[in-house]
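J.: Sequence and predicted model, in that order:
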Amino acid sequence: TAQAVGAYIIHKLIETGYVWEFSVRIKSLFIEHTKTGNPLVDSVAEHQSTPTSTYIQYLHHTFYVGPVGFLLCLFRRTDASYFVVLYCLMSAYFA
């Protein structure tokens, strides 16, 4: 009976707007997950690598000219070119 009264009070507070409903992220913590049982691991596991066609669509000419600049940076030995090379390698790895 105490649980029913508590549930009724919470329901009325949500209904009147004093307390908001839980967000989808919080609600997803209580949904059974089929893959691992861990919602965080399941959400990350659903991510797939980006297809090359998407890079071509969004980067357009830069997609083709970028590797040329990368190669030029390999031949110029300055701190800036080392930064560009490391930046390109890291962004390609994490893309």
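T.: Right, received. Where do you want to start?

J.: Look up how far Val85 lies from Val68.
T.: Val68 sits 13 Å away from Val85, going by Cβ to Cβ, to the nearest Å. Glycine gets a C-beta too; all of them are placed from N, C-alpha and C.

J.: Between these two, which is the more surrounded one?
T.: In this comparison of Val68 against Val85, neighbours counted by other Cβ atoms under 10 Å, the higher total goes to Val85 at 15 against 9.

J.: Correct me if wrong: the more buried one contacts Phe70.
T.: Yes: because the distance of 6.9 Å satisfies Cβ atoms under 8 Å, Val85 is recorded as touching Phe70.

J.: which secondary element of this protein has the worst mean pLDDT?
T.: Taking mean pLDDT, DSSP states H and E as the measure, the chain has helix 39-45 as its least confident helix or strand, at a mean of 62.

J.: buried set for the next helix or strand along the chain from it?
T.: Moving toward the C-terminus from helix 39-45, the next helix or strand (DSSP states H and E) is helix 52-59. Neighbour counts using 16 or more other Cβ atoms under 10 Å place no residue of helix 52-59 among the buried ones.

J.: how far is whichever helix or strand comes after helix 52-59 from where the chain is centred?
T.: Next helix or strand after helix 52-59 toward the C-terminus (DSSP H and E): helix 61-75. On the basis of Cα atoms, centre = their mean, to the nearest Å, helix 61-75 is displaced by 27 Å from the centre of the chain it belongs to.

J.: Which residues does helix 61-75 contact?
T.: By Cβ atoms under 8 Å, 6 or more residues apart in numbering, the surrounding residues in contact with helix 61-75 are 55-56, 59, 81-82, 84-85, 88.

J.: one more time with 6 Å
T.: Residues outside helix 61-75 that contact it (Cβ atoms under 6 Å, 6 or more residues apart in numbering): 55-56, 81, 84-85, 88.

J.: avg pLDDT for it?
T.: pLDDT averaged over helix 61-75 equals 89, rounded to a whole number.

J.: Kindly report the same for stretch 79-91.
T.: Regarding stretch 79-91, the rounded mean pLDDT is 89.
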